[in-house]
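Enquirer: Make a model of this:
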Amino acid sequence: MSMCKAQIAQLTSALAELKQRRVAEQRSMSETVQQIKEQVMNLAYQPTTSAPEDTDDDSDDEDDYVDPTP
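Expert: I've put the predicted structure just below:
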């Protein structure tokens, strides 16, 4: 009988430890998710940069590509 009580106490202790770990992991994941959300929101509100103007020295209106060979 005392062996069963010892096993029950051991299992109860292990269960309590697992619950504490799970709560800590959930808290950590929630914090990580919140940080990611904040980063995404910061990226969403940053001004975008436009493509640079064509700065070629060519003053003609030729296209900037090479025709494929026949």
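
Enquirer: where does this protein have low pLDDT?
Expert: 49-70 (pLDDT under 70).

Enquirer: where exactly do the strands run in it?
Expert: Secondary structure of the chain (DSSP state E): no strands present.

Enquirer: Which parts of it are helices?
Expert: For the chain, helices defined by DSSP state H occupy the ranges 2-44.

Enquirer: For Gln7, list the residues it contacts.
Expert: Contact analysis of Gln7 by CB atoms under 8 Å, 6 or more residues apart in numbering lists nothing. Where C-beta positions appear, they are placed from N, C-alpha and C, glycine not excepted.

Enquirer: and it, how far is that from Arg21?
Expert: 21 Å (CB to CB, to the nearest Å).

Enquirer: Then Val40?
Expert: In this view, Val40 and Arg21 are 28 Å apart by CB to CB.

Enquirer: ok, now Ser28?
Expert: 10 Å.

Enquirer: Thr32 now?
Expert: Distance from Thr32 to Arg21, by CB to CB: 16 Å.

Enquirer: what's the answer for Met3, then?
Expert: 27 Å.

Enquirer: out of these two, which sits in the busier spot?
Expert: Comparing Met3 with Arg21 by other CB atoms under 10 Å, the one with more neighbours is Arg21, at 10 against 7.

Enquirer: State the distance from that one to Ser13.
Expert: Arg21 is 13 Å from Ser13, by CB to CB.

Enquirer: for Met1, same thing?
Expert: 19 Å.

Enquirer: Please say which of these two ends up with more neighbours.
Expert: A count of neighbours by other CB under 10 Å puts Ser13 above the other of Met1 and Ser13, at 10 against 5.

Enquirer: Pull the contacting residues for that one.
Expert: Here Ser13 is in contact with no residue (CB under 8 Å, 6+ apart).

Enquirer: Use 583 as the first number from now on
Expert: In the new numbering, first residue 583, that becomes Ser595.
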